[in-house]
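Participant: Need coordinates for the following:
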Amino acid sequence: MRPDRPAPLPAASLLQLIWLASPALPVGGFSYSEGLESAIENAGIDSEAAVGEWLLDQLHITQARGDMALIAKAVGAWRRGDGGDLAHVRELNDWVLHTRETSELRLQTEQMGRSMADWLRNQHQGDDHVMPAVQYLAALPPTYPVAFALAASFTQAPVRNVLLAYAFGWAENMVQAALKSMQLGQSAGQRILARLADAIPAAADHAIGLMDSERQAFSPMLAILSAQHEVQYSRLFRS
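Facilitator: Okay, the predicted model is just below:
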């Protein structure tokens with residue numbers, strides 16, 4: 001192996017990341033559109049190109065600057081020392097709760113965080129090395145980015161790989177939300193997903209480079225659309 005080439009990720013860790021990114025993971029991500037259903041109804045997002053641009057903006061403006069940057073710090077906090085840096089974990093979890101701009105966005109992160117904590121408890125029953133962290137997570141109460149970071153911290157994956165898995169799982173859920181909300185075929189959905197996949201590595205690199213003081217949660221148009229979705233007359237997704 002060339003000395004400048006990183007060691008391959010162990011198969012168990014790679015499979016765990018694929019598992020965490022899967023829409024089949026029972027945390028309920030498929031039931032939310034994160035403002036997209038409202039954007040289709042109220043903001044003229046009415047074509048494959050428009051959906052692609054909307055999701056690319058969301059990837060770079062909200063995910064890379066916010067949740068992905070937080071996950072990068074949270075993975076390190078969970079892994080630090082024998083018991084992790086739990087004070088930093090709590091600070092990061094509080095940041096998520098305090099920066100969700102609408103009721104539905106906060107309810108989403110709380111519900112998915114609890115579901116991830118339940119899944120981790122079920123997966124690691126009897127593991128005395130893992131369960132203290134899972135119990136701490138469940139008592140916070142957990143938010144989804146912090147819970148995802150704990151699940152990923154049990155792998156040997158570098159933080160960048162964790163962010164790639166998280167972002168692709170988010171992208172796949174959002175594309176599926178678009179396909180359910182408007183007249184787009186599977187081929188269009190795959191083209192949108194390909195655009196997002198091309199952009200995810202740069203978004204992950206940007207997220208890793210941000211300090212805690214540079215993390216942002218400012219997306220006023222998304223907040224407005226999310227608030228509109230809470231009272232949207234006809235909707236498929238949870239609010």
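
Participant: tell me the phi and psi of the closest residue to Met221 other than its chain neighbours?
Facilitator: Using Cβ to Cβ, 6 or more residues apart in numbering and skipping the chain neighbours, the partner closest in space to Met221 is Ala43 (7.7 Å). (Each C-beta comes from the backbone N, C-alpha and C, glycine too.) With angles defined as degrees, to the nearest 10, Ala43 sits at phi -120, psi 20.

Participant: How many residues are close by Ala43?
Facilitator: Neighbour count of Ala43, defined by other Cβ atoms under 10 Å: 16.

Participant: What does the pLDDT read for it?
Facilitator: For Ala43, the model assigns a pLDDT of 90.

Participant: wouldn't it be in contact with Gln228 here?
Facilitator: No. The criterion here is Cβ atoms under 8 Å, and Ala43 misses it with Gln228 at 9.2 Å.

Participant: so what's the nearest residue to His60 once chain neighbours are set aside up against?
Facilitator: If you skip the residues right next to it in sequence, His60 has Ala203 as its closest partner in space, 5.8 Å away by Cβ to Cβ, 6+ apart. Contacts for Ala203 were tallied using Cβ atoms under 8 Å, 6 or more residues apart in numbering; they are Leu59, His60, Gln63, Ala64, Met68, Leu163, Ala167.

Participant: closest to Gly189 among the residues you listed?
Facilitator: Among the contacts of Ala203, Leu59 lies closest to Gly189 (Cβ to Cβ), at 15.8 Å.

Participant: Now for that closest one: which residues touch it?
Facilitator: Counted by Cβ under 8 Å, 6+ apart, Leu59 has contacts Ala167, Trp170, Ala171, Leu196, Ala199, Ile200, Ala203.

Participant: what about the closest residue to Ser31 other than its chain neighbours, which SS state?
Facilitator: Sequence neighbours aside, Arg238 is the residue nearest to Ser31 in space, at 4.7 Å (criterion: Cβ to Cβ, 6+ apart). At Arg238, secondary structure determined by DSSP: H, G, I helix; E, B strand; the rest coil is coil.
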